[in-house]
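Participant: here is a sequence together with a model predicted from it:
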Amino acid sequence: QVQLVESGGGLVQPGGSLRLSCAASGFSFVSYGMTWVRQAPGKGLEWVSSINSGGDRPLYADVVKGRFTISRDNAKNTLYLQMNSLKPEDTALYYCVQGTRRYTGNYPESIRGQGTQVTVSS
């Protein structure tokens with residue numbers, strides 16, 4: 001079955017950077033586009049960024065465009081999210097999701113990981 005394990009979260013000051021990773025297994029990673037979504041405290045899941053299977057067509061939410069960079073290493077079955085110029089409003093639990101479909105409401109647990117917490121605070 002699909003297994004996605006996120007890592008790299010933590011506490012960072014405003015203006016700082018973090019790099020999230022998502023290790024994928026249980027499916028043909030190279031055949032799927034991938035997505036990052038996040039959930040801030042008390043809010044629903046928010047789409048952040050997606051990338052196609054080849055890694056050359058990234059898409060970003062307006063709120064992170066110019067600050068975040070999505071990438072992937074198909075040889076390592078790993079998805080990344082480089083986050084720069086972090087703001088307190090970026091504080092959330094970040095999830096890696098198989099595929100690029102955007103859901104309204106929840107993303108199925110069967111295609112997303114457990115998440116990694118990012119906290120931006122001074």
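Facilitator: Good, I have the coordinates.
Participant: strands of the chain, residue ranges please.
Facilitator: Counting by DSSP state E, the chain has strands at residues 3-7, 10-12, 18-25, 34-39, 45-51, 58-60, 68-73, 78-83, 92-98, 116-120.
Participant: those: which one's closest to residue 105?
Facilitator: Closest approach to residue 105 among these (Cβ to Cβ): strand 45-51, 7.4 Å. In this view, the C-beta of every residue, glycine as well, is placed from N, C-alpha and C.
Participant: can you list the buried residues in the closest one?
Facilitator: Neighbour-count burial for strand 45-51 flags 45, 47, 48, 49, 50, 51 (criterion: 16 or more other Cβ atoms under 10 Å).
Participant: likewise stretch 105-122?
Facilitator: 107, 111, 112, 113, 115, 116, 118, 119, 120.
Participant: could you do stretch 70-84 as well?
Facilitator: Within stretch 70-84, the residues that count as buried by 16+ other Cβ under 10 Å are 70, 72, 77, 78, 79, 80, 81, 83.
Participant: need the pLDDT of the most centrally placed residue in the chain.
Facilitator: With distances taken as Cα atoms, centre = their mean, residue 36 lies nearest the centre of the chain, 2.7 Å away. On pLDDT, residue 36 comes in at 98.
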